[in-house]
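In: Got a sequence here, can you model it:
(chains A, B, C and D)
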Number of protein chains: 2
Amino acid sequence: MQKTVQKRTLKTRARLMAASEEVIQKNGYEALRVEEVVQLAGVAKGTFFAHFRDKDALMEIMIADKLNACLDQADDGPKPGTVAEIITALEPVHSFMTSERYVFDLLIRYSGATAIAEIGPIAYCFERYFRVVMMWLDAAEMRKDVPSELLAEGVQAFAIQAMSLRFCALHSATTFTDRLETYLKAWLTPAR
Amino acid sequence: MQKTVQKRTLKTRARLMAASEEVIQKNGYEALRVEEVVQLAGVAKGTFFAHFRDKDALMEIMIADKLNACLDQADDGPKPGTVAEIITALEPVHSFMTSERYVFDLLIRYSGATAIAEIGPIAYCFERYFRVVMMWLDAAEMRKDVPSELLAEGVQAFAIQAMSLRFCALHSATTFTDRLETYLKAWLTPAR
DNA sequence: ACCAAAAAATGACCACGGTCAATAATAAAT
DNA sequence: ATTTATTATTGACCGTGGTCATTTTTTGGT
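Out: The predicted model follows:
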């Protein structure tokens, strides 16, 4: 049982990803068509699906890539110590996550892995988001009656809630930042 | 400008909904095919789309229907006063929401209205969920440093988080109920 | 250099949601 | 009762994601 991977495989895959990147650059994520990608990459349709389980699998990779870049940015900057600073530090992340409705929906759908074996790139990003925030909280002046893992999970939950409402006309009176700040102050520094 | 609605319209619509109900009973929401519904209802495919904008629009209605029944149940029962009681009271609601991955995803996707004019049946359910919880919280012994609207929004955010993780193999060590209880205790009755 | 086996690529084909010009049924006007 | 305008239905057709038997390319052994 040998299972050599030919170098041509990597080349084809690279071509497909480059083509995808180009297509996304042009019209955004939602408008991406597999047909257009394979045509630009100069391969047959079947080849695409030999490299990616389905269209979503490609999207997961492309979106997680960008999201990781945003998380790098958040990770490299100065450690935020207050709620306002945390929100500012996460701004690029949240901004990308809500850049397209399609992107947000896909992120939510793949935020948890369905099976242990296949923790996807997006689930990994959420894990990273969680860890980054938890580290910040550990060093910051926040409530100490509950472990910081719990606090970080809560930050994630509230961020998702605030982002959801960003798409919602009913609640657009309050801005995303204001809403998230209200949530996080109440969550991280309760008065009682 | 007259716009009479023929009675045959109502009849056709009722047939379509009855057929949908039957199909869903048989194989669940995800497996529903428009073709199967129209065949069972004895109408052409085009007729379906004259009655519902798209497949999702039908799903919204069918799912919101069931969800409203669950909310009725929660609303009619005795008012819960503690975190544990609140979770118990909401159990039928959460149970239905996570009965199928497909259902949960659709709920999240339509939880907020995209435009004021078209607040859909699912967005309405979420509004209802929020109001029911807020009323309970008003009468319960919870933190009073923030308004109960905020508390209720938080409960919703945490419930969604806990439900998301229910689908996630990585976090399946903790049960849904335990996790939600941990969240809500920390949110509603912080020690400081 | 040649051959057999494994890996990769191909494109015709299918499933399914959704559209629309054409047709049929109904209601309103005379 | 007949005509006209409005509303509802039809089904052939399309776009797009995804499949799979077949063909082409690569690899390793001799």
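In: And the helix or strand harbouring residue A:19, what does it pack against?
Out: Assigned by DSSP states H and E, residue A:19 belongs to helix A:7-27. Packed against helix A:7-27 by the contact rule (3 or more CB pairs under 8 Å, 6 or more residues apart in numbering or on different chains; DSSP states H and E) you find helix A:34-41, helix A:45-51, helix A:55-76. For the C-beta atoms, the positions are set from N, CA and C on the backbone; glycine is no exception.
In: Could you confirm whether stretch A:170-185 reaches chain B?
Out: Yes. Counting by CB under 8 Å from any CB of the partner chain, chain B has neighbours in stretch A:170-185: A:170-171, A:182-183.
In: do the same with stretch A:48-58
Out: No. Shown here: stretch A:48-58 not in contact with chain B (CB under 8 Å from any CB), separated by at least 12.0 Å.
In: picking up where we left off before, got the helices and strands packed on helix A:7-27 as CSV, with mean pLDDT columns?
Out: Converted to CSV, the helices and strands packed on helix A:7-27 look like this (pLDDT from 0 to 100):
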stretch, mean pLDDT
helix A:34-41, 98
helix A:45-51, 98
helix A:55-76, 98
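In: Domain boundaries for chain A, per the record?
Out: Using automatic domain parsing, the domain parsing of chain A gives A:1-52, A:54-188.
In: could those domains be laid out in TSV, adding mean neighbour count and distance to residue B:191?
Out: Formatted as TSV, the domains of chain A follow (neighbours: other CB atoms under 10 Å in any protein chain shown; distance: least, CB to CB, whole Å):
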stretch	mean neighbour count	distance to residue B:191
domain A:1-52	14	43
domain A:54-188	18	4
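In: which residues sit against stretch A:182-192?
Out: For stretch A:182-192, contacts defined as CB atoms under 8 Å, 6 or more residues apart in numbering or on different chains pick out A:83, A:86-87, A:137, A:141-143, A:151, A:154-155, A:158, A:161-162, A:174, B:143-146, B:150, B:153-154, B:157, B:187, B:190, B:192.
In: nope, stretch A:17-27 is what I meant
Out: Contacts of stretch A:17-27 (CB under 8 Å, 6+ apart): A:31-33, A:36-38, A:40-41, A:58, A:61-62.
In: touching DNA strand C at all, it?
Out: No. Using CB under 7 Å from any atom of the strand, stretch A:17-27 stays clear of DNA strand C, with a minimum separation of 12.3 Å.
In: Quick one: distance of that stretch to the chain centre.
Out: Its chain's C-alpha centre and that of stretch A:17-27 lie 18 Å apart, by CA atoms, centre = their mean, to the nearest Å.
In: Spit out the contact partners of residue A:165.
Out: A:171-172, A:174, A:176, A:179, B:112.
In: before we move on, back to that, which members of the residues of stretch A:170-185 next to chain B are positioned in helices?
Out: When DSSP state H is applied, the residues of stretch A:170-185 next to chain B are split such that A:182-183 fall in helices.
In: Tell me the one of the residues of stretch A:170-185 next to chain B nearest chain B?
Out: Nearest to chain B among the residues of stretch A:170-185 next to chain B: residue A:170, at 5.3 Å, using CB to the nearest CB.
In: Can you tell me how far the spatially most central residue of chain A is from DNA strand C?
Out: Closest residue to the average C-alpha location of chain A: residue A:67 at 4.7 Å, with CA atoms, centre = their mean. Going from residue A:67 to DNA strand C by CB to the nearest atom of the strand, to the nearest Å gives 27 Å.
In: coming back round to it: now flag whichever of the residues of stretch A:170-185 next to chain B is closest to residue B:53.
Out: residue A:170 (19.3 Å; CB to CB).
In: Hmm, residue B:111 and the closest one touching each other?
Out: No. Counting by CB atoms under 8 Å, residue A:170 sits too far from residue B:111 to count as a contact (10.5 Å).
In: Touching both of those two, which residues are there?
Out: Common contact partners of residue A:170 and residue B:111 (CB under 8 Å, 6+ apart): residue B:123.
In: Close to DNA strand C: what parts of chain A are there?
Out: Counting by CB under 7 Å from any atom of the strand, chain A sits next to DNA strand C at A:2-6, A:8-9, A:11-12, A:43-47, A:49-51.
In: Name the spans of chain A whose pLDDT lies under the cut-off.
Out: For chain A, the stretches with pLDDT under 70 are A:1-3, A:113-117, A:192.
In: how near is the residue in it positioned nearest to DNA strand C to residue A:34?
Out: Sorted by distance to DNA strand C under CB to the nearest atom of the strand, the residues of chain A start with residue A:46, at 1.7 Å. Going from residue A:46 to residue A:34 by CB to CB, to the nearest Å gives 11 Å.
In: Okay then, goodbye and thanks.
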